[in-house]
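In: When you get a sec, could you give me coordinates for this:
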Amino acid sequence: KPLGVHYSLCVNTRDDLDRQIIKSEHATICLPGLDFEIPPITQAGSLSTVEGVLTHAAKSLEYMQPQRRAVDAATADKIQHVIDELRELSAGM
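Out: Numbering: from 1, shown residues only. Alright, predicted model coming up:
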């Protein structure tokens, strides 16, 4: 049985994106609406806002998109959809 604490935050307003998040190297952030997960070692030991976490995740995914697109365009398109969704969420849309 996993140990730890589960926190849940529903982002309903633009102000919710300004909530601070402390992410340890053991924490996982799940975005069920996107079927997206930020694993424990990613963004480890960081202090950010909800908006900052979403923006960082989009930038991290985008980093290898040109190489990914050259190898597997279908997967790159799916990842691009997630990047676009993360950007929309971080902008408060």
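In: so where's the protein uncertain?
Out: Counting by pLDDT under 70, the chain contains low-confidence ranges at 1-2, 93.
In: show me where it has strands.
Out: If you assign secondary structure with DSSP state E, the strands in the chain sit at 20-23, 29-31, 36-38, 46-49.
In: Including distance to V5 and mean neighbour count, could those go into CSV?
Out: Glycine gets a C-beta too; all of them are placed from N, C-alpha and C. Below are those laid out as CSV (distance: least, Cβ to Cβ, whole Å; neighbours: other Cβ atoms under 10 Å):
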stretch, distance to V5, mean neighbour count
strand 20-23, 12, 13
strand 29-31, 13, 16
strand 36-38, 17, 16
strand 46-49, 17, 14
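In: which ones are touching S46?
Out: Contacts here follow Cβ atoms under 8 Å, 6 or more residues apart in numbering; on that basis S46 touches I21, I22, K23, V53.
In: And the furthest pair within the residues you listed?
Out: In the contacts of S46, two members sit farther apart than any others by Cβ to Cβ. They are I22 and V53, at 10.7 Å.
In: Please tell me how far A91 sits from K59.
Out: With distances taken as Cβ to Cβ, to the nearest Å, A91 is found 14 Å from K59.
In: number of nearby residues for K59?
Out: Neighbours of K59 under the rule other Cβ atoms under 10 Å: 12.
In: how much space is there between it and G52?
Out: Taking Cβ to Cβ as the criterion, K59 is separated from G52 by 10 Å.
In: tell me, what's touching those two both at once?
Out: Looking at what touches both K59 and G52 (by Cβ under 8 Å, 6+ apart), there is no common residue.
In: Could you give the separation of the longest helix belonging to the chain from the chain centroid?
Out: For the chain, the longest helix by residue count, based on DSSP state H, is helix 73-90. Between the centre of helix 73-90 and the centre of its host chain there is 11 Å, according to Cα atoms, centre = their mean, to the nearest Å.
In: for it, packing partners?
Out: Contacting helix 73-90 under the criterion 3 or more Cβ pairs under 8 Å, 6 or more residues apart in numbering; DSSP states H and E are the following elements: strand 36-38, helix 50-62, helix 65-71.
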